Structures are given as structure tokens and as C-alpha cells.
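> Task: produce atomic coordinates for the following.
(2 chains)
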There are 2 protein chains.
Amino acid sequence: MADPTPQQRITGDQLRAFIASAFEAVSLPREDAKTIARLMAQADINGSEGHGVFRLPQYIRRIRGGAVNVRPDIRVERELAGMALVNGDNGMGHLVMKFAAEKAIEKAKTAGVAWVGARCSNHAGPASLYATMPLAHDMIGLYMAVGSANHLPPWGGLDMLLSTNPIAVAVPAGEEPAVILDMATTVAAYGKVKTKAQRGEMMPEGWMMDRNGNPLTDPRRANEGFLLPIGGYKGYGLALIIGMLAGNLNAAAMGKDVVDFNNDDTSVTNTGHAIVAINVGAFQPLSEFRKGMDTLVRDIRNSQRLPGVEHIRLPGEGTHAARADREKNGIPMPPALLAALDQLSGDLGIPRLVR
Amino acid sequence: MADPTPQQRITGDQLRAFIASAFEAVSLPREDAKTIARLMAQADINGSEGHGVFRLPQYIRRIRGGAVNVRPDIRVERELAGMALVNGDNGMGHLVMKFAAEKAIEKAKTAGVAWVGARCSNHAGPASLYATMPLAHDMIGLYMAVGSANHLPPWGGLDMLLSTNPIAVAVPAGEEPAVILDMATTVAAYGKVKTKAQRGEMMPEGWMMDRNGNPLTDPRRANEGFLLPIGGYKGYGLALIIGMLAGNLNAAAMGKDVVDFNNDDTSVTNTGHAIVAINVGAFQPLSEFRKGMDTLVRDIRNSQRLPGVEHIRLPGEGTHAARADREKNGIPMPPALLAALDQLSGDLGIPRLVR
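Next up, the predicted model:
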């Protein structure tokens, strides 16, 4: 079946080169610019479009506004055998979290499990980017973050003291692809609301609520209400706890101290994250674990389906499919995004993404 | 306002003595019987009635059926600086998880964070019992378990390959009580369904679904359907991932290997759990952390409320309130439960709970 709205596609190399040149243009060291470009492009390749190059204009705006440090001294501030606390020195979140994930992996090689917190960081893109880093080392990865804008009140409340605080966990298998859960603790991420508004569509009930407690379904009225947590008070509890583990524990911003990075180009956010690397081989022979995971994945995939359901999905299947498609066919670029990036290239005096 | 159905109340001492004598009667060593009794009574005191003495007849039945080892050699099977794997030798879950939690706390004193998995264990009562153990050591506790009966299919599926796999996290504060999240990954726990059936009430839509995908609201028809996960595919993903971390990682039962301990008094379950102890002082000065937690808790409690909402709750408030009430006024005992325990005392030849 032909795609109803075929989009121009670009290669990963094109995208990485463009992103890197944008960050170099605002004074990031070349190696750092390339690292961020690689991670941001990977987000697009993995199908996490809302957290890939889509965010570039905003990142550049905040760097130009002085909100982000372009020459950070990212460092380990505290360390014991099973943990570390990374101070990101207000650098780009991608650099801070790559550093933190590598530290967790290194420590888990000897400690078996290592928990690394990060503070003085910034928005780092999709959670799964970091949760999946331990996979190559036969480790499970677990990532949590304080989201970079509060759209969620406590259950029963109106004040938006919480973000959509995401959690991602990546578990290696054997012949089967890794299982990768990457979820916000709200029913819908805020980006989905924005997309509905752009398309002139209504939202289903259950995504948002207005300040009287009634369902809010018109996405153009999004600023009159707030997102709803999954499972009611349970999702509120999850968002809160994730915020404590990724924020409070690391002396990073949480609650009313969270800066809305969509509407503020000058304030330091002190974003907090946590990454845990779990060395599977410390618990049991790796081959046994892989076999067990393959069995579980296949039992689920081949299990009986509800009427009308075509197949049972494992968390991460969408990501694996997007990656396979995009590595082969390129990354689709919506016209509106291309236009925004063309505008950015003009502002920065760098070559356009598509010439 | 007077309680419409006043129930007999008993003291914690009475309850502990009764439970301990029951376990001694089926050949558990006196100290182990007392340990389990203390933990089970604590569940009732904390308001986790569905996981307290209510489970005693079932536990005793399974011990008499040969499913549980009454003289286990609970031991550390593998260990590195940041982790341990505990083999519970098929002992009562309460003994295994107390051992595992103490190990995690001990290790976190030097490693900062310690992750302890357990296998060859059994049902251990409410998740929060273990997540709260690190609190007394100024640590955060995180507990996960593979539930002891599968009531949840993968999203879009019919085969009940998953349990309500719970997660509990306990975070210390300063002057404020600890924040304690303890939740199943399904909208309703199966015990709530049983309670509705007992009372002749219907369930709200959203708790269960029948095998055609329609809402199931009659709890007497519970065996014709299955529980629904919170947030749809997100709750399914959470249940699955928790099962992998508490089950697969520890070479414990998961998926179709999970034994339904409600309907089987003879099979070994190989139940898996995980407990993580996070030493707050490794990350920042404890006093700073406590201050930050108090501020967050108060900001939430004092935030603006939706119309009709009387107060904003923090996770764990129900537990703190139940404990305060029951430590002062005793533990309420529903007549049906008392009758079941009287029956048990007759079977075991031990004194009745209430004479």
C-alpha cells in the first residue's frame, strides 16, 4: 500500500552532519557536536520523532539564550562501588547521559549492578536512547528522568507540579530482539496533543481533563487543562516516585522548581536523570538468561489473540521496525519540520539539510 | 460517625502469637514462625489486609501439601559489590525477602546502592513490607515481584501469561512521613474482584474484560475474563518488565511457568523478587535531601484541588493512617476471616485467636 502522504527521506549521515554543524555554529566543540548529532539522529531512526531533530531549533534557541553551557566539565561528583553521581555542569543532556550511562556500564562490569544519577543536566531526548546503551555489554538498562515541563497535577489537584516523568527499561534476549519499554507516566505524551492540534483532530477522552474535572478533547484548548496519568492515582504515584529517584535523590530540580524548557530560553534547568546498568552475567550464565527470554518472548508473541487483534506486540517492536525501515530507506521528514530546519540553517549560516 | 459494621478488633500481640503458633504447628522453627508472624501482622496493621493473616489458611495448606520447605537453607548464591542473588531454598517468602532486604541494606552501606534478587522463594505478602525496610537506615527501598498467579494476558491477547506484578518504592522524608508507593500493574488487584463478589456488588468498567473484549462487570463471572493493565499497553509493558527483572533475571518462574498458588497446594513456585536499597547519603547530605522531600510533599499536599476534592493525597498516606489507627485501637477482624481462622485453629490444634 502506498503511503498516503509520501515524505522526503534523508539518510542518517545527512541528518548527523546537519545537526553537528548546527551545534558547532553555536560554539560546541566538534566532538561534542558530533556526539549529540549521533544520538539525536538515532532518536529519529528509532521512530522517537518527537525527541529527535524536531527538538533542534529549541535546543539551539536555549543555547543562544545562555541557558545551556556549551563547554561543560561533566564529571563524577560522588562515587561508591555500586553508584555514582554525575554533575553535568549544565551541558547538553545527551552528553551528560552518555557519560553517565558509560559510567554505569563500566561500574556494573565489576559491581554487577550500578546506579548512576545525574544532576545539572538538560533534556536528553528519548529515554530509550540511554536504557539501550547497556545492551551491547550484555546488560539490562533502566533509565528514569524528570521531564522538562510540568503538565501533570497530583491526583485530584490542579497545580501542575509534575512532568510526564518517563521510564525506559531495555532487556536483552537471545535470537529475539531486545525488549524495550519506553513510556511516559501520562496516558498521552504532550507531543501527541500538539500533533492532534496541528492536524485539526480531536483527542479521545482520557488524555486530558479541564480544571473542572471534565474531559478535555479539543487539543486547541490544551492550555486550559492538564494531562491525565495512567491508571489514575497509580500513574500519579509513578510520576512522583520517578521524579524523586531522578530528581530529589540527585539534588536536581523537581516539583515547582522544574523549568518549562518549551517557554524559557534563559533559565538553567538542573535536570535530573538516573541510569542503572544490570550485568546479567552476575546473576546467571548469560546463555541461560537469553534462552529464557527467547522462550518468554515467543510464548507471548504466539499466544491467543482477542477477536480482531492481528498480532501481540512486545515492547520495543515499533522501535525495531522503525530502525529497520529507516536504516534501509532513510528518515522521513515532514515538510513542516524541513521548513523549520531550513529556517534554522539560515539563522545559523550553515548549509541546508536538503540542498 | 459510627462505623456501620463494627468489627471485633484484636491486638498486634494477639495476632502475632496466633500466626506464630500456626506455623510452629506445621513444623517451622520457632524463630522463623515468629519472624513470619511479625511481618504478616504488620501487613494487617498497615492496612494491606489482602496480604496479611487473610493468607494464613492458604500458606498452611501449601506447607501441609509439601509445596513449601519449612527448614530452608536461605543463602547468598552469587555476590558482587553492588548485587547479590539469594536462593530461598523454597522457604516462606517472608523469610527469604527479609534476608534479601537485610543483605541489600548491608551492601548499600558501603556500595551506595545494592540490588538483591531472590529466586526459589514464595509469596511474601505486600510489596511495601520490604520496600520500607531500608527506610530505618536512611535508604530508599524499591521492591518488585512476580505475582503468584497469572490473571493478565499480554495487551491484545487472551492467554494469561502475566501476573499483577507489583512494584513498591519507599522514600524517606524529614518531618513528613515517608512516601510509599505500592501498586499492582493492573487497574484492580484480583483480591478486589473477590471482595466485590463476596459483597454481591458489580465492578466498574475498566477492571476486567471478557474473552470477546467486552467489559466484564459481574465479579461472579471473573473466571470468564481477565484483569486489565493500567494505561493499556503501558501497564502490560510494566508488568512484563517487572516480571523480567524479578523473575527472568533471577532464573525464577515467569510467564507460563508461574504456578497459581491459589489453586495448587503441592507445586514448588520458584517465586522471584528483587529489592534495591539506595543509600541517600551517598548522593547528598541527608539533611538536604530530607528538606527537599519535605518541601515537595508540602507543595503537593497544599496545592490547589479539583472541585469536590477534599485533600490531595501522597502515596502511603493510607498506610500511615491505618497503622496509627490499628496500633492504638487494634486490628479489625471481619467475621468471615475470624471464622476461617477458628477453623484453622481447630485443624492445627492450637488456641483460637479470640477466646
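> From here on, just use CA atoms for contacts and neighbour counts.
OK.
> how close does the residue of the stretch 101-250 of chain A at minimum distance from chain B get to residue B:181?
For the stretch 101-250 of chain A and chain B, the shortest gap (Cα to the nearest Cα) falls at residue A:157, measuring 4.1 Å. As judged by Cα to Cα, to the nearest Å, residue A:157 and residue B:181 stand 18 Å apart.
> related to what we said a few turns ago, state the phi and psi torsions of the residue of the stretch 101-250 of chain A closest to chain B.
When read as degrees, to the nearest 10, the backbone of residue A:157 gives phi -110, psi 180.
> swap in the one 5 residues further on?
The main-chain torsion angles of residue A:162 are listed as degrees, to the nearest 10 and equal phi -130, psi 150.
> Same question for residue A:181.
Per degrees, to the nearest 10, the backbone of residue A:181 is at phi -100, psi 130.
> what's the answer for residue A:255, then?
Per degrees, to the nearest 10, the backbone of residue A:255 is at phi 70, psi -130.
> Ignoring the adjacent residues along the chain, who's closest to it?
residue A:161 (4.7 Å; Cα to Cα, 6 or more residues apart in numbering or on different chains).
> which residues touch that neighbour?
Residues near residue A:161 by Cα atoms under 8 Å, 6 or more residues apart in numbering or on different chains: A:150-154, A:255-256, B:300.
> And these, which two are furthest apart?
A:151 and B:300 (14.2 Å; Cα to Cα).
> Could you give the bridge partners of residue A:274?
Per DSSP bridges, the residues bridged to residue A:274 are residue A:117, residue A:144.
> surely it meets residue A:121?
No. Using Cα atoms under 8 Å as the test, residue A:274 is too far from residue A:121 to be in contact (11.1 Å).
> Any of the contacts of residue A:161 buried? List them.
Among the contacts of residue A:161, those scoring as buried are A:150-154, A:255, B:300 (criterion: 16 or more other Cα atoms under 10 Å in any protein chain shown).
> Tabulate the contacts of residue A:161 (TSV), appending pLDDT.
Below are the contacts of residue A:161 laid out as TSV (pLDDT from 0 to 100):
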residue	pLDDT
A:150	95
A:151	92
A:152	95
A:153	96
A:154	97
A:255	97
A:256	97
B:300	98
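> for chain A, which residue is closest to the average position?
residue A:126 (1.4 Å; Cα atoms, centre = their mean).
> so of the buried ones among the contacts of residue A:161, which ones are in helices?
In this view, the buried ones among the contacts of residue A:161 that belong to helices under DSSP state H are residue B:300.
> Looking at the buried ones among the contacts of residue A:161, which one is closest to residue A:133?
Distances from residue A:133 to these, taken by Cα to Cα, are shortest for residue A:150, at 27.2 Å.
> what's the burial count for residue A:344?
Neighbour count for residue A:344, taken as other Cα atoms under 10 Å in any protein chain shown: 20.
> That one contacts residue A:57, correct?
Yes. Between residue A:344 and residue A:57 there is a contact under Cα under 8 Å: 6.5 Å.
> Residue in the stretch 251-355 of chain A with the shortest distance to chain B?
For the stretch 251-355 of chain A, Cα to the nearest Cα, closest residue to chain B: residue A:305, 4.1 Å.
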